[in-house]
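Q: Here's my sequence, what's the structure:
(chains A, B and C)
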Amino acid sequence: MEDNIKKFLYVNRKAPYGTIYALEALEVVLIGAAFDQDVSLAFLDDGVFQLVKGQNTDGIGVKNFSPTFRALGDYEVTKFYVEKESLEERGLTADDLQEIMYEDEDDDYAEKPSIRLVNRAEMADMMAEQDVVLSF
Amino acid sequence: MKFGIVVSEGPYTHQASDSAYNFAKAALENGHEVPRVFFYHDGVNVGTRLSIPPQDERNIQKQWSALAGEHNVDLVICIAAAQRRGLLDEKEATRQGKDANNIAEGFRISGLGQLIEMGIQTDRLITFGD
Amino acid sequence: MATLHTVNKSPFGASALQSCLNHAKDGDAILMFEDGVYGAAQGTIIADAVAAKSGSLSLYVLKGDADARGIADARLIEGVTPVDYAGFVELAASHDRTNNWL
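A: Next comes the predicted model:
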């Protein structure tokens, strides 16, 4: 039923922990994975902070949900578009982000990176191809 | 045209639930359909029947309940967000051993799948939040 | 395949409007509402950046929100069109998707 598949984009523009938006966005992505839609995630502006490695929440009494991003590949959520300009503005490079991999079942289960670095114009193009854009 | 609406901020603090209401009302008055509104994050607080705003102020919950009654709009409160924030219907209150429930007329509690389903089944989706 | 972008934040406290301007494509529309209406006023530090887009993008402001905040139509950046909620709905209907810059 190709006609019933929509392109869903989850836009993440907020940092984790200070507000609940990042965590509750991730909960939507996890549930949404069961609906077999064409899912992409966008990380731009402060949203790129969600993916940095080395998050340790021991001192603030809340759950560190960053490892969950690494599990999304098992739910066929494999397209993480991360904006280069947003990283640069925040003094970050791709090396500061967690490694997030998925197994490509169309390519003999080869391990591939889920994170796709894109520039601002490519991010805009990708956003313009969606059927449903959900922002958190 | 079918509009799906997401409300992701609480009433009285943020304008989002008012804006969403005005948008839904205008859509319905102009011949469109609003089959469902999904309340997420603090937006779930719109659905409590226990709020008592001053009499000279709008009652956001009652506005929504009336709109739902007149136009058959499905007002869905996200269960995960609701449980965190103390929004319970009778069934859930019993199940969780709580001594009260607070869901207003026209609202129902359900899962996040209802949000995805709304995205699939409507023509346009719009989020009011912060 | 154009997009209706919505911005509900003051441009002086949040990056939403700037980020929206950076990502909107030619032919898209931007509706400024709630505190986003401050981005539609003349004479501000961001007004030139907004006005510069009035050729390639369609710019709108929700009149009720602008009026509520004391921004008269005469103070709007040239090329910004005031709309009411019915106009907002029609913009959402006439574009292929909405992208809400929260």
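
Q: rest of the way, CA atoms for contacts and neighbours
A: Will do.

Q: Can you give the contact residues for the helix ranked longest in chain A?
A: When chain A is parsed with DSSP state H, its longest helix is helix A:21-32. Residues outside helix A:21-32 that contact it (Cα atoms under 8 Å, 6 or more residues apart in numbering or on different chains) are A:10, A:12, A:14-17, A:47, A:50, A:65, A:72, A:75, A:136, B:41, B:81, B:112-113, B:116.

Q: do stretch B:70-87 as well
A: Residues contacting stretch B:70-87 (Cα under 8 Å, 6+ apart): A:24, B:28, B:34-42, B:44-45, B:47-48, B:67-68, B:88, B:101-103, B:106-112, B:114.

Q: So which bits of it are buried?
A: Going by neighbour count (16 or more other Cα atoms under 10 Å in any protein chain shown), the buried part of stretch B:70-87 is B:Val73, B:Asp74, B:Leu75, B:Val76, B:Ile77, B:Cys78, B:Ile79, B:Ala80, B:Ala81, B:Ala82, B:Leu87.

Q: Might you report the residue contacts of C:Ile71?
A: With Cα under 8 Å, 6+ apart, C:Ile71 has these contacts: C:Ala41.

Q: Any idea how many residues pack against B:Glu117?
A: Other residues near B:Glu117 come to 14 when the count uses other Cα atoms under 10 Å in any protein chain shown.

Q: following the longest helix of chain A, which helix or strand shows up next?
A: strand A:38-43 (DSSP states H and E).

Q: residue boundaries of the strands in the chain?
A: Went with chain A since none was named. A:7-12, A:38-43, A:80-83, A:101-104, A:110-113, A:115-118, A:132-135 (DSSP state E).

Q: Chain B was what I was after
A: Secondary structure of chain B by DSSP E: the strands cover B:2-7, B:33-39, B:74-78, B:107-110, B:124-128.

Q: could you dump those to a markdown table with mean pLDDT?
A: As requested, the strands of chain B are exported to a markdown table (pLDDT from 0 to 100):
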| stretch | mean pLDDT |
| --- | --- |
| strand B:2-7 | 98 |
| strand B:33-39 | 98 |
| strand B:74-78 | 98 |
| strand B:107-110 | 98 |
| strand B:124-128 | 98 |
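
Q: Serialize the ones you listed to a markdown table and add fields for distance to B:Asn59.
A: Listed next are these as a markdown table, based on distance: least, Cα to Cα, whole Å:
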| stretch | distance to B:Asn59 |
| --- | --- |
| strand B:2-7 | 16 |
| strand B:33-39 | 17 |
| strand B:74-78 | 16 |
| strand B:107-110 | 15 |
| strand B:124-128 | 18 |
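
Q: still on that earlier bit, go ahead and build a ChimeraX selection from the buried members of the contacts of helix A:21-32.
A: Buried residues among those (16+ other Cα under 10 Å), as a ChimeraX selection:
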select /A:10,12,14,15,16,17,47,50,65,72,136 /B:41,81,112,113,116
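
Q: Out of the strands of chain A, which is closest to C:Ser15?
A: Between C:Ser15 and the strands of chain A, the shortest separation by Cα to Cα is 13.4 Å, and it involves strand A:7-12.

Q: quick one: low-confidence parts of chain A?
A: Along chain A, segments meeting pLDDT under 70 span A:1-3.

Q: Contact residues of chain B facing chain A?
A: Within chain B, the residues that sit near chain A (Cα under 8 Å from any Cα of the partner chain) are B:His41, B:Ala81, B:Leu112, B:Gly113, B:Ile116, B:Gly119, B:Ile120, B:Arg124, B:Leu125, B:Ile126, B:Thr127, B:Gly129.

Q: biggest separation within those residues, which pair?
A: Among those, B:Ala81 and B:Arg124 lie farthest apart (Cα to Cα), at 23.4 Å.

Q: what sits against the residue of chain B most remote from its centre?
A: The centre of chain B is farthest from one residue, B:Gly97, which by Cα atoms, centre = their mean lies 24.3 Å away. For B:Gly97, the contact set (Cα under 8 Å, 6+ apart) is empty.

Q: Over to it: give its phi and psi.
A: The phi/psi pair for B:Gly97 (degrees, to the nearest 10) reads phi 70, psi 30.

Q: Let me see the confidence value for it.
A: pLDDT recorded at B:Gly97 is 96.

Q: and it, how far is that from chain A?
A: Applying Cα to the nearest Cα, to the nearest Å, the value for B:Gly97 to chain A is 25 Å.

Q: Quick check: buried residues in stretch A:44-63?
A: In terms of neighbour count (16+ other Cα under 10 Å), stretch A:44-63 has its buried residues at A:Leu44, A:Asp45, A:Asp46, A:Gly47, A:Val48, A:Phe49, A:Gln50, A:Leu51, A:Val52.
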